[in-house]
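> This is the structure alone, sequence omitted:
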């Protein structure tokens, strides 16, 4: 998964690999302990042990333990193949801030380099979401304008329908035969 660049011996990981390991749990973008351990090149138990030894550095908004319900939901949505991949233990989920804190706890060059990449990926995701939000706002504005025009058009359509209805009524009246009427009034020049 990780490959070494020959020019500076820094470890790089494709952004897509990191992005595919970011999940949305409790309304937050998080990474699971097993994925982070794999990226850092340590065992999951070592990572968890380091976190537990420094638990004061990981408040609830930095790291939390995934609940059984959340774990079942992840399995049902094929985010993870089976709960067994965690070896029976509930995984830790790390927010962006928690991932940043991990490099200070693990204290290795690889952890530092990987963390820098992960932070850049989180930043790109935030930027994509911001760009997406702007696009959604523009689309909403266009939809609103189209709806206003449509409402005006509906009013005009109703007026046109009313005009055609009046024209139809007038045509029906015009087509009806006019009954003969007896002339009224005086006739000039006739004597009785």
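Received, thanks. Model, not experiment: these values are computed from the prediction.
> Quick check on the spatially closest residue to residue 68 that is not a sequence neighbour: phi, psi?
Excluding its sequence neighbours, the residue lying closest to residue 68 (Cβ to Cβ, 6 or more residues apart in numbering) is residue 90, at 7.2 Å. C-beta: built from backbone N, CA, C; applies to glycine. Summarising the backbone geometry of residue 90 under the convention degrees, to the nearest 10, its torsions are phi -70, psi 140.
> looking at the protein, which helix or strand is least sure?
Of all the helices and strands that make up the chain, the one with the lowest confidence by mean pLDDT, DSSP states H and E is strand 3-4; it has a mean of 42.
> how about the helices of this structure, start to end?
Taking DSSP state H as the criterion, the chain carries its helices at 15-19, 33-40, 44-53, 68-76, 96-106, 109-175.
> With distance to residue 188 added, can I get the ones you listed in JSON lines?
Shown next, in JSON lines, are the helices of the chain (distance: least, Cβ to Cβ, whole Å):
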{"stretch": "helix 15-19", "distance to residue 188": "104"}
{"stretch": "helix 33-40", "distance to residue 188": "113"}
{"stretch": "helix 44-53", "distance to residue 188": "120"}
{"stretch": "helix 68-76", "distance to residue 188": "102"}
{"stretch": "helix 96-106", "distance to residue 188": "107"}
{"stretch": "helix 109-175", "distance to residue 188": "33"}
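> most tightly surrounded among those?
For the helices of the chain, the largest average neighbour count (mean count of other Cβ atoms under 10 Å) is found in helix 33-40, namely a mean of 22.
> in the chain, what spans have low per-residue confidence?
Judged by pLDDT under 70, the chain has its weakly predicted residues at 1-12, 78-86, 154, 174, 178-179, 190-192.
> what about the residue nearest to residue 68, neighbour count?
Using other Cβ atoms under 10 Å, residue 90 has 15 other residues around it.
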